[in-house]
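> One predicted model, sequence on top.
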Amino acid sequence: AQSVTQLDSQVPVFEEAPVELRCNYSSSVSVYLFWYVQYPNQGLQLLLKYLSGSTLVESINGFEAEFNKSQTSFHLRKPSVHISDTAEYFCAVSEKKLIFGAGTRLAVHP
Amino acid sequence: NAGVTQTPKFQVLKTGQSMTLQCAQDMNHNSMYWYRQDPGMGLRLIYYSASEGTTDKGEVPNGYNVSRLNKREFSLRLESAAPSQTSVYFCASSLNVPGTTVSDEQFFGPGTRLTVL
């Protein structure tokens, strides 16, 4: 069965610093990979996804994630975070259904 | 275009009471899902409906039932609520063609916060 491990439950960071949120998955077959973001008291929204092609995918608000098949990882990065990036981030993997990780709470401090 | 709507937003139940959570989408999506979110556990799939007329169990179906009333609506019923069902419940939908690998974005509702005393 597929599983997703988000290695950090909380990541505190200062504004304008770089950040990396780590995600590893277990699967023996081709998968699709996603990052979703949840702002306080809201539902989840898709941030970016990897289906095929270039292993580096980008979102419209400066996040990027790199698919690494050999390491079964899909880490999320941003070179300079803003206060507004404070949220919970979920990595997910799919075959027939989405399997979510436990989430990483990103707290950006001024 | 409201996307995915859920009612109610908040609910408090006593142990043993029943209730139905309602979900509707106006995007003509094929697939609909019910998740529960608990601290430190991410989202866990309760039930899903790959297409109108079909429903399947997810990871944590015990204590729940669902109905795919039509293409737009997918309800979740708790027949006899228990404190372990205290959670935030999210409904989601996606365009997905049934039986294929999930590649389409899932759109989430705002959630229902349920407390069972």
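Here it is on my side, so go on. Numbering: from 1, shown residues only, chains lettered A, B, ... in the order given.

> The residue of chain A found nearest chain B - nearest residue in space that isn't next to it in sequence?
Relative to chain B, the nearest point of chain A is A:Gly43 (3.3 Å; C-beta to the nearest C-beta). (C-beta placed from N, C-alpha, C; glycine too.) The shortest distance from A:Gly43 to any non-neighbouring residue, by C-beta to C-beta, 6 or more residues apart in numbering or on different chains, is to B:Phe108 (3.3 Å).

> thinking that neighbour is in contact with B:Val4, fair?
Yes: B:Phe108 is within contact range of B:Val4, at 6.2 Å (criterion: C-beta atoms under 8 Å).

> Mutual contacts of the two, please.
A:43, B:91-92 (C-beta atoms under 8 Å, 6 or more residues apart in numbering or on different chains).

> Poorly predicted segments of chain A, please.
A:28-30, A:96 (pLDDT under 70).

> Up against chain B, what does it have?
Residues of chain A lying near chain B by C-beta under 8 Å from any C-beta of the partner chain: A:4, A:6, A:9, A:31-32, A:42-46, A:49, A:51, A:90, A:94-98, A:100-103.

> repeat that with 10 Å
A:1, A:4, A:6, A:9, A:29-32, A:34, A:36, A:38, A:41-46, A:49, A:51-52, A:88, A:90-103 (C-beta under 10 Å from any C-beta of the partner chain).

> Tell me which strands the helix or strand where B:Cys91 lies pairs with, and in which orientation.
Per DSSP states H and E, B:Cys91 falls inside strand B:87-94. Paired strands of strand B:87-94, with direction, are strand B:31-37 (antiparallel), strand B:107-108 (antiparallel), strand B:112-116 (antiparallel) (DSSP bridges).

> Just say which of these is most tucked in.
strand B:31-37 (a mean of 25; mean count of other C-beta atoms under 10 Å in any protein chain shown).

> Only C-alpha atoms, please: export that one in PDB.
C-alpha atoms of strand B:31-37 as PDB (Å, rounded to 0.1, in the frame of the first residue of the first chain):
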ATOM      1  CA  SER B  31     -15.900  11.800  -8.400                       C
ATOM      2  CA  MET B  32     -16.700  12.900  -4.900                       C
ATOM      3  CA  TYR B  33     -15.000  12.200  -1.600                       C
ATOM      4  CA  TRP B  34     -15.500  12.500   2.200                       C
ATOM      5  CA  TYR B  35     -12.400  12.900   4.400                       C
ATOM      6  CA  ARG B  36     -11.900  13.500   8.100                       C
ATOM      7  CA  GLN B  37      -9.000  15.600   9.400                       C
END
